[in-house]
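>>> With the input below, show me the fold.
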Amino acid sequence: RKPVVTEAGEIAAATVMTATLSVDHRVIDGALGARLLQAITDNLESPLAMLA
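Below you'll find the model as predicted:
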């Protein structure tokens, strides 16, 4: 658990997961890798959105 700032601007303890991505820049552009990691993060944070 780590301290985070909530949407209300308060400090609270929350469970935080770190996600990292390593890509070969000769094959995949860094911007594309960043978009992939953001899509994975969005799906983990809101799994019901994958069903829509």
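
>>> and stretch 8-26, which residues are buried?
By 16 or more other C-beta atoms under 10 Å, stretch 8-26 has no buried positions at all. (Each C-beta comes from the backbone N, C-alpha and C, glycine too.)

>>> Let me know the secondary structure of the most centrally placed residue in the chain.
The centroid of the chain falls nearest to residue 41 when counting by C-alpha atoms, centre = their mean (3.1 Å). State at residue 41, reduced to three classes by DSSP: H, G, I helix; E, B strand; the rest coil: helix.

>>> Not counting its neighbours along the chain, what's nearest it?
If you skip the residues right next to it in sequence, residue 41 has residue 19 as its closest partner in space, 6.0 Å away by C-beta to C-beta, 6 or more residues apart in numbering.

>>> May I have the secondary structure class of the closest residue in space to residue 2 that isn't next to it in sequence?
Leaving aside its chain neighbours, residue 2 sits nearest to residue 16 (4.7 Å; criterion: C-beta to C-beta, 6+ apart). Following three-state DSSP, residue 16 is assigned to coil.

>>> Okay, residue 16 and residue 26: tell me how far apart.
According to C-beta to C-beta, to the nearest Å, residue 16 and residue 26 sit 32 Å apart.

>>> can you check residue 40 too?
Where residue 26 is concerned, residue 40 sits at a distance of 22 Å (C-beta to C-beta).
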